[in-house]
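[1] with the sequence up front, the predicted model follows.
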Amino acid sequence: MLHWKRVLRPLAAFLLAAAAVTVPTAASAQAAAAPSSGWNDFTCKPSAAHPRPVVLVHGTFGNSVDNWLGLAPYLKNRGYCVFSLDYGQLPGVPFFHGLGPVEKSAGQLDAYVDRVLAATGAAKADIVGHSQGGMMPRYYLKFLGGAAEVNALVGLAPSNHGTTLGGLTAFLPYFPGAEDLLSEATPALADQIAGSAFLTKLNAGGDTVPGVRYTVIATRYDQVVTPYRSAFLTGPNVRNVVLQDLCPVDLSEHLAIGLLDRIAFHEVANALDPARARPTTCASVFG
């Protein structure tokens, strides 16, 4: 019988390597995050036009810089105070975060939002998250008092109801020890499998909490959160959007929707400021 730990450890290494080639290098990221960019500037004070700071929450294998090289400047240039955090770090794993238990990561987000609100003087923040970063804040909202501190949550391809990874997760029970190893090595991945104990707890009693506006922006070409409609939420104050309904020729998949898709970014801006929303179309890429 094969020793499945020997099989899965190389698989985990492969996933890390794949993340390394799909995300900009740490060196380039640090340069892009220089103070002159105005992003993560804790002296920033929200304007009357945009009275709430925006907290960006990266996805699994992401970090506070690389995940937001496109969206952070986009929002900053539109007059927002923009902040981003690192969360879910594992010992000995640099740059690639969002791997620790999602419940613990939600506590890190709670502390970070408190810091942002104290620095800016704002009563509430808005949150924009990609992948796990669009789902994890819901734990903060539901169980850690976040609903009193957050006005809106915008998720880009969020893993709200988990993923089947195109059906691959259905095979895990056939490999003894595989699920336990996944939970030990990368808890966040295990938490995001459709039907996990974490997601069962998160979604019990409804997807939303009162007082928060929710927007989900999904793509039909998502190859990570599958099926892509598992990203959608049900409840009051929810808007579920499919990118291809806004622009049929938008081919963005799971990574691109968070990293560089200006059509998705335009819809994020609409969600943050619905009173000034403008229709999102294929031409929004030039906006």
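    The structure has been received and is ready for your questions.
[2] shaky segments in the stretch 51-200 of the chain?
    Within the stretch 51-200 of the chain, the ranges that satisfy pLDDT under 70 run 165-184.
[3] which stretches in the stretch 151-287 of the chain count as strands?
    For the stretch 151-287 of the chain, the strands defined by DSSP state E, counting those that start in this stretch cover 213-218, 238-242.
[4] so residue 188 makes contact with residue 106?
    No: the pair residue 188 / residue 106 is not scored as a contact, 11.1 Å apart, by C-beta atoms under 8 Å. In this view, the C-beta of every residue, glycine as well, is placed from N, C-alpha and C.
[5] which one of the two is surrounded by more residues?
    For residue 188 and residue 106, the more surrounded residue by other C-beta atoms under 10 Å is residue 188, and the numbers stand at 27 against 24.
[6] count of neighbours near the closest residue to that one other than its chain neighbours?
    Leaving out its chain neighbours, the residue that sits closest to residue 188 by C-beta to C-beta, 6 or more residues apart in numbering is residue 99, at 5.1 Å. Residue 99: 22 surrounding residues under other C-beta under 10 Å.
[7] how near is residue 99 to residue 191?
    10 Å (C-beta to C-beta, to the nearest Å).
[8] just residue 259 next, same as before
    From residue 259 to residue 191 the distance is 23 Å (C-beta to C-beta).
[9] more neighbours: which of those two?
    Comparing residue 259 with residue 191 by other C-beta under 10 Å, the one with more neighbours is residue 191, at 27 against 22.
[10] pull the number of nearby residues for residue 284.
    Residue 284 has 21 neighbouring residues, counting by other C-beta under 10 Å.
[11] look up the pLDDT of it for me, please.
    We have a pLDDT of 97 for residue 284.
[12] would you agree it is in contact with residue 262?
    Yes: contact criterion C-beta under 8 Å: residue 284 and residue 262 qualify, at 6.5 Å.
[13] all helices for this protein, in order.
    Taking DSSP state H as the test, the helices found in the chain are 4-22, 26-32, 71-76, 102-120, 132-135, 137-143, 178-185, 187-191, 197-203, 243-246, 254-259, 262-272.
[14] which other residues reach the fifth one?
    Read it as helix 132-135. Residues outside helix 132-135 that contact it (C-beta atoms under 8 Å, 6 or more residues apart in numbering): 56-60, 62, 67, 88, 98, 102, 105, 128-129, 153-160, 188, 192, 202, 216, 231.
[15] derive a ChimeraX selection command for the buried subset of the residues you listed.
    Selection of buried members from those for ChimeraX, criterion 16 or more other C-beta atoms under 10 Å:
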select :56,57,58,59,60,62,67,88,98,102,105,128,129,153,154,155,156,157,158,159,160,188,192,202,216,231
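[16] picking that back up, out of the strands of the stretch 151-287 of the chain, which gets nearest to residue 51?
    strand 213-218 (14.7 Å; C-beta to C-beta).
[17] off-centre distance for that closest one?
    Centre-to-centre, strand 213-218 and its host chain are 11 Å apart (C-alpha atoms, centre = their mean, to the nearest Å).
[18] mean confidence for that strand?
    For strand 213-218, mean pLDDT is 98.
[19] only alpha carbons, please: show it as CSV.
    Provided in CSV are the C-alpha atoms of strand 213-218 (Å, rounded to 0.1, in the frame of the first residue of the first chain):
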residue,chain,number,x,y,z
ARG,A,213,-24.1,45.0,2.3
TYR,A,214,-22.7,42.0,0.4
THR,A,215,-21.5,41.9,-3.2
VAL,A,216,-20.1,38.7,-4.8
ILE,A,217,-18.3,39.1,-8.2
ALA,A,218,-17.7,35.7,-9.8
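[20] and it, what does it pack against?
    With contacts defined as 3 or more C-beta pairs under 8 Å, 6 or more residues apart in numbering; DSSP states H and E, strand 213-218 has these neighbours: strand 150-156, strand 238-242, helix 262-272.
[21] partners of that strand, with directions?
    Using DSSP bridges, strand 213-218 pairs in its sheet with strand 150-156 (parallel), strand 238-242 (parallel).
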